[in-house]
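K.L.:
Structure of the sequence below:
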Amino acid sequence: MEYNILNKINLINGSIVFTPLGYLLNSNDCDTINANYNATYLNWVNNNKSDLENGNINISVFFDTTPEVYEAHQVTTSVDGMGLNEITDITPYI
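P.N.:
Modelled structure (predicted):
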């Protein structure tokens, strides 16, 4: 069985932090969360890649208006020992 880990991504003290919140088994839920991630964070990074690379802006600018974003790209075959629970309601994460 494959588990998709739901991560919260935010900026803490100037560093991007990935916090695992739980796991998803429903691939449609993963697709929904990841589509939102792609449309917000990934889209912003791609649109600002040159300015990010040359230091004109910092990634913190994204988090000024969007304090957190979620993604479910991380896949594992076991969640034993991770202390994670299954998330079945993705409403808070989209």
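K.L.:
which residues sit in contact with Gln74?
P.N.:
Counting by Cβ atoms under 8 Å, 6 or more residues apart in numbering, Gln74 touches Asn4, Ile5, Asn7, Pro20. For glycine as for every other residue, the C-beta is placed from the backbone atoms N, C-alpha and C.
K.L.:
Can you check my assumption that it lies in a strand?
P.N.:
Yes: counting by DSSP: H, G, I helix; E, B strand; the rest coil, Gln74 is part of a strand.
K.L.:
who does it bridge with?
P.N.:
Beta bridges link Gln74 to Ile5, judged by DSSP bridges.
K.L.:
Could you point out the longest helix of this protein?
P.N.:
The longest helix of the chain (DSSP state H) is helix 27-37.
K.L.:
List the buried residues of whichever helix or strand comes after it.
P.N.:
Going down the chain from helix 27-37, the next helix or strand is helix 43-47, by DSSP states H and E. For helix 43-47, the neighbour count (16 or more other Cβ atoms under 10 Å) marks Trp44 as buried.
K.L.:
before we move on, the earlier item: tell me the helices and strands packed up against the longest helix of the chain.
P.N.:
Packing contacts for helix 27-37, counted by 3 or more Cβ pairs under 8 Å, 6 or more residues apart in numbering; DSSP states H and E, involve strand 3-12, strand 68-76.
K.L.:
so who does Ile9 touch?
P.N.:
Applying Cβ under 8 Å, 6+ apart, we find Ile9 in contact with Ile16, Val17, Phe18, Thr19, Tyr41, Glu68, Val69, Tyr70, Glu71.
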